[in-house]
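Visitor: This is a predicted model, with the sequence first.
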Amino acid sequence: MTKPRTSLLKILLLSISITFFIPTAIAKQSKKDQSGEEAYQTAVRTHKWANDKERFNLYAKAAQLDHPIAQFNLGMMYTNGKSVTIDHQQAVYWYEKSAAQEFSTAQYRLGEMYYLAKGGLPRNLNKAIALFTLAAAQNEAGAQLNLAMIYGSGEGYSGDSKLAFSWLQRAMSDGHEEAFVYQKLLIQSNNKLYSEDQKLFYWTKKASELGIPEAKVKLATLFAAGNGVGGDQSIPPLKIQLEALQKADDL
């Protein structure tokens, strides 16, 4: 199958920041690929007016015909419970199928499932980094920011701020707004590494985006903390740090 190019895709956001990709061009394909593409285009055309069950069935048909973007979309549906009951193992199943066809966003999300040990996967930092690197090489800005956080916090390795800054630059170039904020946090750090509180906030937010209930509760707690993070009253809450830096950008 011809690998879909992320640069040919536009984003359709569902109610809780679920990303669906819709290509604007179709490459030359085999008959099976064309069947999958036709099924996927039908799902795209009817997306807005179809009910949840219809939408799921349409993407499922395209996914079963090996369309990588439909496979990713189906994985996201299982991740967040949109149109179907939450099932992280099914999400991993479809992410793996899409990632095997080198769809960068599926590689990125599958890497997060390995990092967070969800969907029946064991926690595997090396596997997560490998998947993030594959996605990052295809200009997947979220994967680039994940790598910056890993290297910038020294997780599993000696901290490498130079490598972290390099990935932050890539993420900023590819349009990830949070990368600007995390670059400033790294610059302001005394040892040029992210703190444990910053790391906690970052990965809790990531887990929340993947629909993990306990992460949503933890994230709400972090956002609600008005007098410091982690019990240290001298450290402004990450929410306040991020908001302050974003306001500075607006000046």
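Guide: Looks like it came in fine. Residues are numbered from 1 along each chain as shown.
Visitor: isn't Asn146 right up against Phe132?
Guide: Yes - in this structure, Asn146 is within contact of Phe132 by CB atoms under 8 Å, at 4.9 Å. All C-beta spots, glycine's among them, are computed from the backbone N, C-alpha and C.
Visitor: so what sits against both of these two?
Guide: Common neighbours of Asn146 and Phe132 (criterion: CB atoms under 8 Å, 6 or more residues apart in numbering): 108, 111.
Visitor: mind listing what Gln107 touches?
Guide: Contacts for Gln107 (CB under 8 Å, 6+ apart) come out as 99, 131-132, 134-135, 138, 140, 143.
Visitor: tell me which residues in the lengthiest helix in the chain are buried?
Guide: Once the chain is assigned using DSSP state H, the helix that runs over the most residues is helix 31-46. Residues of helix 31-46 classed as buried: 33, 35-40, 43-44 (neighbour count, 16 or more other CB atoms under 10 Å).
Visitor: cool, and stretch 203-223?
Guide: Neighbour-count burial for stretch 203-223 [16+ other CB under 10 Å]: 203-212, 215-216, 218-219, 222.
Visitor: Which strand or helix spans the closest residue in space to Ile212 that isn't next to it in sequence?
Guide: Spatially, and ignoring its direct neighbours in sequence, Ile212 is nearest to Lys118 (6.6 Å; CB to CB, 6 or more residues apart in numbering). For Lys118, there is no host helix or strand (DSSP states H and E).
Visitor: and stretch 199-218, what's its mean pLDDT?
Guide: Averaged across stretch 199-218, the pLDDT comes to 88.
Visitor: And it, end to end?
Guide: The first and final residues of stretch 199-218 sit 13 Å from each other (CA to CA, to the nearest Å).
Visitor: How many neighbouring residues does Glu196 have?
Guide: Neighbours of Glu196 under the rule other CB atoms under 10 Å: 11.
Visitor: Then the one 5 residues further on?
Guide: For Phe201, the tally of surrounding residues (other CB under 10 Å) stands at 23.
Visitor: and what of Glu178?
Guide: For Glu178, the neighbour count with other CB under 10 Å is 17.
Visitor: Shouldn't it be within a helix?
Guide: Yes - applying DSSP: H, G, I helix; E, B strand; the rest coil, one finds Glu178 inside a helix.
Visitor: Relative to Phe223, how far out is it?
Guide: The gap separating Glu178 from Phe223 is 15 Å, by CB to CB, to the nearest Å.
Visitor: Kindly report the same for Gln198.
Guide: Gln198 sits 14 Å away from Phe223, going by CB to CB.
Visitor: same check, this time on Gln64
Guide: For Gln64, the distance to Phe223 - CB to CB - is 39 Å.
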